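[1] Fold the following.
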Amino acid sequence: MDLTNPAPLSLLSFTINLLLGLILSLLLAWYYKHLGESLSNRAKFAPILPVLALITLVVISIVKSSLALSLGLVGALSIVRFRTAIKDPEELIFLFFAIAIGLGMGADQRIPTIIAFFIIMSYLVIRKLLRGKFFPHQEKNLYLNIVTPATVEPDEYLEAINKILKSGIKEIDLRRFDINDQEINLVYYLKAEDPKAVGAFIKEIR
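    Just a heads-up that it's a prediction; the model follows:
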């Protein structure tokens, strides 16, 4: 590795890596959008994944042959801070997945990257099939999003909501609890014997 002068980048190899990275990341985005379980807006989040993968690919392709550029990249990334924390584990997993695609293709490791991609995706698909997620009409699991003004006491409000839900829901799981100056946002995962009965609890909460 040259300390100062990077080796010339093969345009053909770079183009092939870009195309392969784009294909893999588009497949990843499609899976996340249509089959993901994240509570965020997957339709808006999914298009970010190919862009992230390709940006990572370009960066790695440029810095891989120069130690000076690599050290400069480490220094630049050390000052990066996220303004909003990523709270959903699935979002974080797919972000790292997209980065891994970019890293693998940017480092010219096409075969290992492609093999690893399809092994991981096969695992995700098989797991989803075994859990019956391809048949949403058979599911009795629901997500309940509750938003209220921040004028109430958060702890008391949370306790009251939990009491209402536990009185008739088979299983509840608080997935998100966000508080800001304007509102309180609760997101529950519910497992109900009769999903239609959830409507009665919604009326009681209101």
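[2] Distance of Phe94 relative to Ala29?
    Phe94 sits 8 Å away from Ala29, going by C-beta to C-beta, to the nearest Å. In this view, the C-beta of every residue, glycine as well, is placed from N, C-alpha and C.
[3] what touches both of the two?
    Listed as contacting both Phe94 and Ala29 by C-beta atoms under 8 Å, 6 or more residues apart in numbering are Leu49.
[4] Give the rounded mean pLDDT of the longest helix anywhere in the chain.
    Under DSSP state H, the helix in the chain containing the largest number of residues is helix 11-35. For helix 11-35, mean pLDDT is 94.
[5] which secondary structure element contains the residue nearest the centre of the chain?
    The residue lying closest to the centre of the chain (C-alpha atoms, centre = their mean) is Glu91, at 1.5 Å. Taking DSSP states H and E as the criterion, Glu91 maps to helix 89-106.
[6] Can you tell me what sits against the longest helix of the chain?
    For helix 11-35, the external contacting residues (C-beta under 8 Å, 6+ apart) are 38, 42-43, 45-47, 49-50, 52-54, 57-58, 61, 90, 94, 97-98, 101-102, 105-106, 108, 110, 113-114, 117, 121, 124-125, 128, 133-134.
[7] Just the buried residues of the helix or strand following that helix, please?
    Proceeding N to C from helix 11-35, the next assigned helix or strand is helix 42-45, under DSSP H and E. Neighbour-count burial for helix 42-45, counted by 16 or more other C-beta atoms under 10 Å, picks out 42, 45.
[8] And the contacts of the helix or strand following helix 42-45?
    Going down the chain from helix 42-45, the next helix or strand is helix 48-63, by DSSP H and E. Residues from elsewhere that reach helix 48-63 (C-beta under 8 Å, 6+ apart): 6, 9, 14, 17-18, 21-22, 24-26, 28-29, 32, 69-70, 72-73, 94-95, 97-99, 101-103, 105-107.
[9] Just to be sure, Leu186 is in a strand?
    Yes - using DSSP: H, G, I helix; E, B strand; the rest coil, the assignment for Leu186 is a strand.
[10] Show the contacting residues for it.
    144-147, 158, 161, 174, 176-177.
[11] same thing but 6 Å
    Shown in contact with Leu186 (C-beta atoms under 6 Å, 6 or more residues apart in numbering): 146, 177.
[12] Report the separation between it and Lys33.
    For Leu186, the distance to Lys33 equals 25 Å [C-beta to C-beta].
[13] Ok, Asn17 next?
    To Lys33, Asn17 is 24 Å away according to C-beta to C-beta.
[14] ok, these two, which is more surrounded?
    Asn17 (25 against 17; other C-beta atoms under 10 Å).
[15] Look up how far Asp155 lies from the more buried one.
    For Asn17 relative to Asp155 (C-beta to C-beta), the value is 52 Å.
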